[in-house]
Structures are given as structure tokens and as C-alpha cells.
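Enquirer: Make a model of this:
(one chain, ligands or ions: 1)
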Amino acid sequence: MPDTLTVTDNRTGQTYELPIQYGTYPEYGAAIRCLDLRNIKASEDDFGLLAYDPGFTNTASCKSSITHIDGERGILRYRGYPIQDLAEEYTFLEVAYLILNGELPDDSQRDTWVSHITNHSMIHEKIKKFMEGFKYDAHPMGMLVSTVAALSTFYPESRNVTDPAVRALQIRRLVAKMPTIAAFAYRSNVGFPYSYPDNELSYTGNFLSMMFKMTEPRYRPDPALEKALDVLFILHADHEQNCGTNAMRSVGSSHADPYVSVAAAAAALYGPRHGGANEQVLRMLNEIGHVDRVPQYVERVKAGDFRLMGFGHRVYKNYDPRAKILKRMADQVFELTGKNPMLDIALELERIALEDDYFVSRKLYPNVDFYSGIIYQAMGFPVEMFPVLFAIPRTIGWLAQWQEMLEDPDQRIARPRQIYTGEDERSPG
Ligand code: CMC
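Expert: Modelled structure (predicted):
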């Protein structure tokens, strides 16, 4: 059987044969090229058929070999490795290397990569001054977005996006500096002196030190919490063509430098329907306040008053595999930190929702944001920092996808079409 699609245009009676394309495995997706639709015309001077797809619900914007999600079966893999295996056996920086380079590092590659990241974690003192310009109650995510964009002015060579060596250097800088900027945003808000990076610590250990170090000469992170944060970072590192990544690819497609492109991606992530949902979950649990009030809250969700935050996903129509790992991890973290009272409300919310036809029929399950906030809060992070904690590891995915986009000969500047619905030409008189 030929790999084609036969389309008959009933306006003209004409038939067209469109080639079908596959990725590596046919069962992981097949597509037609939208541009082939352009040949389908109602008349000689017709522009040709467009594909109408608001929110890109059924549009493959790229070919990608980074992350595979099977939303029906709840599967997530980076470069072919199941997320569960990576979370158990590797560190965040090893997984970051895998996502960026396609293979897990050997010992020497890992040591070089870790040392590169460690050596780029400082930020220019002027950046620190820049951050001091924010109002005392500025949201740390707004500070992160603006400060990452400001880095662009410190590294003007980064505009040379077609040079792989220049790109590699900016990738190291961004991966290394995101935790520093994030922690400085927090310390600036609470009025604590900045805690500078500690090169002896791991990526997540150092982040905890920059966040929480007080007067002790040396901050020593609890190894179990450091590992928990590492796993959280692994789970958030990439998620194929989500809203933030789409922003990264779209802005990057104009050959804007990676700092402003990451700022755009982080801005997209900030929204409550995306990475800002973890913050909203905690606010929601606080508002519910007690397990007894869960049924009443769920009724209001069903009535359309608001959405259940941390529930639902464009791709997962099954339990989000990241949420499964986090649900298990919550107990381990609470053994060290003491139980977050919000957990009982979350468990009850999940139980009731998963039994309710409204959620079952729409295939709405807990997503990664449902349990992450409860864990972050138990670890001592303030609620406003939750989206920032998402942005730090997701920087890996953004940069890997950006690189892939720049190296892909199929890619062009992102420029969708529209179906015009306004007035036809008219005269002001
Ligand atoms: N609570 C109640 N109803 C919901 C929810 C929810 N959380 N999510 C979707 N629905 C309903 C929605 O009202 C619609 O119902 P109907 O068919 O009756 O109109 C149906 O389910 C389909 O929803 P949709 O908005 O068309 O689905 P989408 O794929 O466009 O949206 C989503 C996906 C994640 C934006 C959405 O599920 C949502 O807003 N969830 C809450 C926010 C959230 O937790 N976001 C984090 C996503 S995971 C991490 C990340 O990638 O950032």
C-alpha cells in the first residue's frame, strides 16, 4: 500500500495524492506536509487550502529526536531513556548532557561538563545591581525573565547563533547562571545578602546553598533533599513542544540570541496554564483549607467557576508519569521535613476527581504541577519561587530544542498564516 493520502476536493471534484511522512517509528506518528494542501485550489487564482489549527493541537511544528511522549500510555523518555530510569540512576547534570548531546556522558565527558557549568555560575556584578532595581515585592519569575534577557547585553557575541562554538559557550553560561539568578531574585526579595556560588557543591546542592545559606561558614545541603531536588529537576528538564519550548523555537527562529529567546520561553512558562500552575496549586489547596471542603470545591470546578490546577494536560490522557514519581517522592521528603498538611487535601482532591465522570470523561489526571509544589514548600521554598524552580531545569530543554531547530534544514522563521475574517476593502468616505 502506498504511503499517501488521497483527498477529493468536492468543490471541484479533483483528487490529490499527498505523501505521508513518518518519524523514526510509524506508530509514533505520521503526518502530511501542510504545504501540500496549498495545491488544493477551488479556482486558478485561489491561494490554496490552509490548515486551521488554533493552539497547534494537531500540528507537528518540527521533527525532533529529543523527547518522546506517549500521552495515551503515560510514557516520557529523553533520548529514548524512560524518565523513571534516568531519575533513579543519574544526576541532573548527566541528564542535561544527555538531552543536549544525545548520549549519556562517559566519566571524562561528565567531569568536563560539570566543571564547565561550575565555572560559569558567577554573574557580573552589574547584573546584581540590575536586579536591585526591582521593587521589594517583585515576583521572582518576572525578575528571572528580565534578568535573563538582560544577559544578552553582556554577551553580544551570542548573536552569532550560527556558530556552534559560540552556541556551546552560551549554553554553558545559561545552564550555569539560571540558578544564581533565581537564588539572587529570592534573596533580593527577602532582603538577605546574596550567597555566592560554591564550586564544591553539586548543581542542586549549590542552588540550595545560594538560596538558604545564612551565617554558617559552609552550607551543607541535606543529601536526601539535594537528591530530591535533583530528581525534580530531571523530571522538568524537557517536555517536547510545550508552550514555553514553542516560544523558544519561535523567537529563536528569527535568529535572536539565546538569552532573549530563553527569556521569551520563561515568560511563556510563567502563565498559570503552564509552569505557573504549580504556584496556583498551592494557592488552591490553601483556599480549600480542609479535606471536608474538597467535594464542594470540585463541584465549583465542574460548574465552570475555575479549573482544577495541576490537573489536565494537552498530551497526557493518562496519569502524568512525572506526577507518579513525585507522589512517591512526597512521602520520602516528608519523612525529613515533616508532612506538609496540604498533602491530605491534595490526595482527597485527586481521589474525588478520579472517581468523577467530569474528569474521567475528559481524561483529566494530575500533572507534574499537582505534587511538585507541595514538595517544594516542604523543602522551604516560598510559593512564588515555584515557577522559577520549573524554569531552571527547563532551560536544558529550551536550549536543546533551540540547537536542534537551528541545525534543522527544514526550519524557517516561524510565521503562521491566518484566515482573515475582517472587512473587505472599503473607503473611509
Ligand atoms: N479543570 C477542569 N476542567 C478542565 C481542566 C482542569 N484543570 N483542564 C481541562 N479541563 C476541561 C476543559 O474545560 C474542557 O472541557 P469542555 O470540553 O467541557 O470544554 C476540556 O477539559 C478540555 O480542555 P482544554 O482547555 O481544551 O484542554 P487543553 O489541552 O487546551 O489544555 C491545560 C490543557 C493543561 C491548559 C488544561 O488542562 C489546564 O488548564 N489545566 C490546569 C492548569 C495546569 O495544571 N497546567 C499545567 C500543565 S502540566 C505542566 C506544564 O506543561 O506546564
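Enquirer: any low-confidence regions in the stretch 251-400 of the chain?
Expert: Across the stretch 251-400 of the chain, nothing is flagged by pLDDT under 70.
Enquirer: Grab the nearest non-local neighbour of whatever residue of it ends up closest to the ligand.
Expert: Closest contact between the stretch 251-400 of the chain and the ligand, by CB to the nearest ligand atom, is at G312 (2.4 Å). From N, CA and C alone the C-beta is placed, and that goes for glycine too. Sequence neighbours aside, L364 is the residue nearest to G312 in space, at 4.4 Å (criterion: CB to CB, 6 or more residues apart in numbering).
Enquirer: so what's the backbone phi/psi at the one you found?
Expert: Here is the backbone geometry of L364 (degrees, to the nearest 10): phi -100, psi 120.
Enquirer: cool, and Y16?
Expert: According to degrees, to the nearest 10, Y16 has phi -130, psi 150.
Enquirer: do P19 as well
Expert: Here is the backbone geometry of P19 (degrees, to the nearest 10): phi -70, psi 140.
Enquirer: Isn't it up against T6?
Expert: No. Contact criterion CB atoms under 8 Å: P19 and T6 do not qualify, at 11.2 Å.
Enquirer: So the two - more neighbours on which side?
Expert: Neighbours were counted for P19 and for T6 using other CB atoms under 10 Å; P19 has more, 12 against 9.
Enquirer: who's that one bridged to?
Expert: Taking DSSP bridges as the rule, P19 bridges to T4.
Enquirer: which residues sit in contact with it?
Expert: Going by CB atoms under 8 Å, 6 or more residues apart in numbering, P19 touches 3-5, 32-33, 36.
Enquirer: repeat for T12
Expert: T12 makes contact with 41-42, according to CB under 8 Å, 6+ apart.
Enquirer: Reduced to three states, what does the closest residue to the ligand within the stretch 51-200 of the chain come out as?
Expert: At 6.1 Å from the ligand, G55 is the closest residue in the stretch 51-200 of the chain, using CB to the nearest ligand atom. Three-state call for G55 (DSSP: H, G, I helix; E, B strand; the rest coil): helix.
Enquirer: now the strands for the chain?
Expert: For the chain, applying DSSP state E gives strands covering 4-9, 14-22, 30-32, 67-70, 75-78, 81-82.
Enquirer: ok, G71 touching Y319?
Expert: No. Under the criterion of CB under 8 Å, G71 is not in contact with Y319, lying 10.7 Å apart.
Enquirer: Can you flag the buried ones in the contacts of P19?
Expert: The neighbour-count test (16 or more other CB atoms under 10 Å) marks 32, 36 as buried among the contacts of P19.
Enquirer: Now render the contacts of P19 as JSON lines, adding distance to the ligand.
Expert: Listed next are the contacts of P19 as JSON lines, based on distance: CB to the nearest ligand atom, whole Å:
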{"residue": "D3", "distance to the ligand": "29"}
{"residue": "T4", "distance to the ligand": "30"}
{"residue": "L5", "distance to the ligand": "25"}
{"residue": "I32", "distance to the ligand": "22"}
{"residue": "R33", "distance to the ligand": "24"}
{"residue": "D36", "distance to the ligand": "27"}
